[in-house]
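S.K.: 3D model of this:
(one chain, ligands or ions: 1)
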Amino acid sequence: MLFKSKGASARRILSTAGATMVTWAALVGAASAQFVGAPRPGQMGMSEAASPIMREMVFFHDAILLPIITAISLFVLALIVIVVNKYNEKANPTPSRTTHHAGLEVAWTVIPVVILLIIAIPSFRLLNHQLTLPDADVTVKVTGNSSWAWTWSYPKEGGGGFEFQSRLLDQATLPAGKLRLLDVDNEAVVPVNKNIRVQVTADVVGIIHAFALPNLGVRIDAIPGRLNETWFRAEREGVYYGQCSELCGKDHAYMPIVVRVVSEDAYKAWLASAAKQFASTSAEPLRVADATATR
Ligand SMILES: [Cu+2]
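M.R.: Here you go, the predicted model:
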């Protein structure tokens, strides 16, 4: 069609194509300028790591678990193929009557133990890093609401003293450039390369949510009456998306989590403007010892 058209229509098509390419280049340029921690269409594998913990998780998954799983699967497949071919009724009409083989029994006990040890050591090391909170530069409290939203509280002692709700944008009037089912009205903001302590809970007895940010290696349950703590250190400025990760009710799929990671100066500026915009709160950072702490 393109090659058959002449004159004005061909020029129109070419200029449309040119404009499309310019728009595309602008979009790619804008996207590469800032890290976007969201799933991509057709994505395979783990989310791109943007924190030390997530880097460890990706290494553990890609360099330790995947090779072991692949090797075991191929080994079992090879055994099945050998047995099917070599020991079927036609190829092997008089089956062996062997019932015992001490060497084999020792091997299939010891080898799995060794494999589990190889997995357990880095696994426990990673768990320890994840659950050992470093000194926090910024503390925020996140509450999973029964109305399927998240409430972010920035305590006074960190320069905050306000709280706000973060809700999914209306999908019918989603502005261009906003991500479907992910972008929210009020994003949380934290500084880059700082230890962020996140205290997580939920507001109504009986509804458990879970706070998760895959690129930062964060996932922790939000349980009413309990205060959970986790942390992350975002190494790149950008927007990080997560979703409630514990089936909590009818709008479970519509309570995304958005954290914008900015420079220290931009964070200070945001704190000042957010303090004016949002309702003040007397919430102080809760001490884990005050509540029934769970990890
Ligand atoms: Cu939920």
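
S.K.: Near the ion, which residues of the stretch 151-295 of the chain are found?
M.R.: 209, 244, 248, 252 (C-beta under 5 Å from the ion). All C-beta spots, glycine's among them, are computed from the backbone N, C-alpha and C.

S.K.: And for the residue nearest the centre of the chain, nearest residue in space, chain neighbours not counted?
M.R.: Nearest to the mean C-alpha position of the chain, counting by C-alpha atoms, centre = their mean, stands Pro214 at 1.0 Å. Spatially, and ignoring its direct neighbours in sequence, Pro214 is nearest to Ser47 (4.0 Å; C-beta to C-beta, 6 or more residues apart in numbering).

S.K.: What is the longest helix that the chain contains packed up against?
M.R.: In the chain, taking DSSP state H as the definition, the longest helix is helix 102-131. When contacts are defined as 3 or more C-beta pairs under 8 Å, 6 or more residues apart in numbering; DSSP states H and E, helix 102-131 packs onto helix 52-59, helix 66-86.

S.K.: what does the average pLDDT come to for the first one?
M.R.: When pLDDT is averaged along helix 52-59, the result is 97.

S.K.: you'd agree Glu246 is in a strand?
M.R.: No. Under DSSP: H, G, I helix; E, B strand; the rest coil, Glu246 sits outside any strand and is assigned coil.

S.K.: Now it: closest residue in space, sequence neighbours ignored.
M.R.: Ala210 (3.6 Å).

S.K.: For the one you found, give me the pLDDT.
M.R.: pLDDT, read off for Ala210, is 97.

S.K.: now swap in the one 5 residues further on and tell me
M.R.: Per-residue pLDDT puts Asn215 at 97.

S.K.: Ok, Ala30 next?
M.R.: For Ala30, the model assigns a pLDDT of 45.

S.K.: With the one 5 residues further on instead?
M.R.: Per-residue confidence for Phe35 comes out at a pLDDT of 93.

S.K.: what do you get for Leu131?
M.R.: For Leu131, the predicted pLDDT is 93.

S.K.: could you check the distance from it over to the ion?
M.R.: 22 Å (C-beta to the ion, to the nearest Å).

S.K.: Over to whichever residue of the stretch 1-150 of the chain sits closest to the ion: give its phi and psi.
M.R.: Closest residue of the stretch 1-150 of the chain to the ion, C-beta to the ion: Gly144 (6.4 Å). Main-chain dihedrals, Gly144, degrees, to the nearest 10: phi -80, psi 120.

S.K.: How about Asp251?
M.R.: phi -110, psi 30.

S.K.: pretty sure it is touching Asn145, no?
M.R.: No. Counting by C-beta atoms under 8 Å, Asp251 stays clear of Asn145, with 10.0 Å between them.

S.K.: Settle it for me: which of the two has more neighbours?
M.R.: Asn145 (19 against 13; other C-beta atoms under 10 Å).

S.K.: returning to that earlier point: distance of the residue nearest to Pro214 relative to Val58?
M.R.: Distance of Ser47 to Val58, given as C-beta to C-beta, to the nearest Å: 8 Å.
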